[in-house]
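Visitor: just coords:
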(Lines give C-alpha, C1' and ligand atoms only; values in the text may rest on other atoms or scores of the structure.)
Protein backbone atom coordinates (compact mmCIF):
# COMPACT_ATOMS: atom_id res chain seq x y z
CA UNK A 1 0.00 0.00 0.00
CA UNK A 2 1.30 3.48 -0.79
CA UNK A 3 2.27 5.38 2.32
CA UNK A 4 1.35 9.04 2.72
CA UNK A 5 2.66 11.69 5.10
CA UNK A 6 1.29 10.98 8.54
CA UNK A 7 1.27 12.80 11.86
CA UNK A 8 0.50 9.97 14.29
CA UNK A 9 1.29 6.31 14.69
CA UNK A 10 -2.42 5.53 14.44
CA UNK A 11 -2.52 7.26 11.04
CA UNK A 12 0.55 5.33 9.94
CA UNK A 13 -1.00 1.99 10.89
CA UNK A 14 -4.29 2.76 9.15
CA UNK A 15 -2.49 2.85 5.78
CA UNK A 16 -2.01 -0.91 5.72
CA UNK A 17 -4.11 -4.01 5.22
CA UNK A 18 -5.84 -5.42 8.33
CA UNK A 19 -3.33 -8.25 8.78
CA UNK A 20 -0.36 -5.85 8.62
CA UNK A 21 -2.19 -3.45 10.93
CA UNK A 22 -2.46 -6.25 13.48
CA UNK A 23 1.27 -6.90 13.24
CA UNK A 24 2.09 -3.20 13.56
CA UNK A 25 -0.17 -2.90 16.61
CA UNK A 26 1.58 -5.89 18.17
CA UNK A 27 4.99 -4.29 17.64
CA UNK A 28 3.71 -0.97 19.00
CA UNK A 29 2.33 -2.68 22.10
CA UNK A 30 5.57 -4.55 22.70
CA UNK A 31 7.59 -1.36 22.36
CA UNK A 32 5.18 0.56 24.63
CA UNK A 33 5.43 -2.18 27.26
CA UNK A 34 9.22 -2.19 27.09
CA UNK A 35 9.59 1.60 27.13
CA UNK A 36 6.52 2.98 28.91
CA UNK A 37 8.06 6.44 29.36
CA UNK A 38 9.00 6.88 25.71
CA UNK A 39 7.04 9.37 23.63
CA UNK A 40 5.36 8.23 20.43
CA UNK A 41 6.33 10.38 17.47
CA UNK A 42 6.65 10.14 13.72
CA UNK A 43 10.23 10.52 12.50
CA UNK A 44 11.38 9.81 8.96
CA UNK A 45 7.68 9.05 8.30
CA UNK A 46 7.95 6.02 10.60
CA UNK A 47 6.52 5.26 14.02
CA UNK A 48 9.22 6.17 16.51
CA UNK A 49 9.59 5.90 20.25
CA UNK A 50 11.71 8.68 21.74
CA UNK A 51 13.26 8.81 25.19
CA UNK A 52 16.37 10.92 25.58
CA UNK A 53 16.80 10.28 21.84
CA UNK A 54 15.27 7.83 19.38
CA UNK A 55 14.89 4.44 21.02
CA UNK A 56 13.49 2.59 18.03
CA UNK A 57 11.65 3.14 14.74
CA UNK A 58 9.51 0.52 13.02
CA UNK A 59 7.88 0.33 9.61
CA UNK A 60 5.89 -2.00 7.40
CA UNK A 61 7.03 -3.08 3.97
CA UNK A 62 5.61 -5.43 1.37
CA UNK A 63 7.09 -8.62 2.84
CA UNK A 64 8.20 -7.66 6.33
CA UNK A 65 8.17 -5.28 9.25
CA UNK A 66 11.46 -3.64 10.02
CA UNK A 67 12.60 -2.63 13.46
CA UNK A 68 15.29 0.04 13.53
CA UNK A 69 17.10 -0.09 16.89
CA UNK A 70 20.29 1.38 15.47
CA UNK A 71 23.62 -0.39 15.18
CA UNK A 72 24.00 -0.96 18.92
CA UNK A 73 20.63 -2.70 19.16
CA UNK A 74 21.46 -5.03 16.30
CA UNK A 75 24.98 -5.76 17.54
CA UNK A 76 23.92 -6.45 21.13
CA UNK A 77 21.44 -9.11 20.01
CA UNK A 78 23.31 -10.46 16.97
CA UNK A 79 23.42 -14.01 18.31
CA UNK A 80 19.61 -14.07 18.69
CA UNK A 81 18.95 -12.39 15.34
CA UNK A 82 20.68 -14.98 13.15
CA UNK A 83 17.36 -16.22 11.75
CA UNK A 84 16.41 -12.72 10.57
CA UNK A 85 17.81 -10.50 7.87
CA UNK A 86 19.68 -7.62 9.46
CA UNK A 87 21.70 -4.64 8.35
CA UNK A 88 23.81 -2.17 10.31
CA UNK A 89 20.82 -0.75 12.18
CA UNK A 90 17.74 -2.70 11.09
CA UNK A 91 16.05 -6.06 11.57
CA UNK A 92 13.48 -7.54 9.19
CA UNK A 93 10.64 -9.67 10.51
CA UNK A 94 8.94 -11.44 7.57
CA UNK A 95 5.15 -11.30 7.42
CA UNK A 96 4.98 -15.09 7.03
CA UNK A 97 6.60 -15.67 10.44
CA UNK A 98 5.37 -14.92 13.96
CA UNK A 99 6.73 -11.72 15.46
CA UNK A 100 9.32 -12.34 18.21
CA UNK A 101 7.61 -9.92 20.59
CA UNK A 102 9.65 -10.88 23.66
CA UNK A 103 12.88 -10.32 21.73
CA UNK A 104 11.56 -6.97 20.47
CA UNK A 105 10.82 -5.97 24.08
CA UNK A 106 14.35 -6.90 25.15
CA UNK A 107 15.89 -4.91 22.30
CA UNK A 108 13.76 -1.88 23.16
CA UNK A 109 14.61 -2.11 26.87
CA UNK A 110 18.28 -2.27 25.93
CA UNK A 111 17.99 0.79 23.68
CA UNK A 112 15.99 2.82 26.21
CA UNK A 113 18.54 2.07 28.94
CA UNK A 114 21.36 2.92 26.54
CA UNK A 115 19.77 6.28 25.71
CA UNK A 116 19.30 7.14 29.37
CA UNK A 117 22.91 6.17 30.13
CA UNK A 118 24.24 8.29 27.25
CA UNK A 119 22.08 11.21 28.39
CA UNK A 120 23.44 10.97 31.93
CA UNK A 121 27.03 10.82 30.68
CA UNK A 122 26.51 13.92 28.53
CA UNK A 123 24.81 15.71 31.41
CA UNK A 124 27.68 14.84 33.73
CA UNK A 125 30.27 16.14 31.23
CA UNK A 126 28.44 19.49 31.05
CA UNK A 127 28.55 19.90 34.85
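Guide: Looks like it arrived, so ask away. Given the structure is predicted, the values throughout are model-derived calculations rather than measurements.

Visitor: C-terminal to the longest strand along the chain, what's the next element?
Guide: What stands out as the longest strand in the chain, according to DSSP state E, is strand 54-60. Scanning forward in sequence from strand 54-60 by DSSP states H and E, the next helix or strand is strand 64-68.

Visitor: hang on, the earlier thing: average model confidence for the longest strand of the chain?
Guide: Averaging pLDDT along strand 54-60 yields 97.

Visitor: Nearest spatial neighbour of residue 5, chain-adjacent residues omitted?
Guide: Counting by CB to CB, 6 or more residues apart in numbering, residue 45 is the residue found nearest to residue 5 once chain neighbours are left out, at 6.5 Å. In this view, the C-beta of every residue, glycine as well, is placed from N, C-alpha and C.

Visitor: Now the phi/psi pair for that neighbour, please.
Guide: phi 60, psi 30 (degrees, to the nearest 10).

Visitor: Tell me how far it lies from residue 98.
Guide: Distance, residue 45 to residue 98, by CB to CB, to the nearest Å: 26 Å.

Visitor: Neighbour count: these two, which is higher?
Guide: It is residue 45, of residue 45 and residue 98, that has more neighbours when counted by other CB atoms under 10 Å, with 13 against 9.

Visitor: doesn't residue 7 make contact with that one?
Guide: No - if you go by CB atoms under 8 Å, residue 45 and residue 7 don't touch, sitting 10.2 Å apart.

Visitor: Pull out the buried residues from the helix or strand bottoming out on mean pLDDT in the chain.
Guide: One helix or strand of the chain scores below all others by mean pLDDT, DSSP states H and E: helix 101-126, with a mean of 91. Residues 101, 103, 104, 105, 106, 107, 108, 110, 111, 112, 114, 115 are the ones in helix 101-126 that count as buried (16 or more other CB atoms under 10 Å).

Visitor: Give me the angle between it and strand 54-60.
Guide: Angle, helix 101-126 to strand 54-60, by axes from the mean of the first three to the mean of the last three CA atoms, to 10 degrees: 150 degrees.

Visitor: from now on call the first residue 606
Guide: Right, with 606 as the first residue, what we last looked at is helix 706-731.
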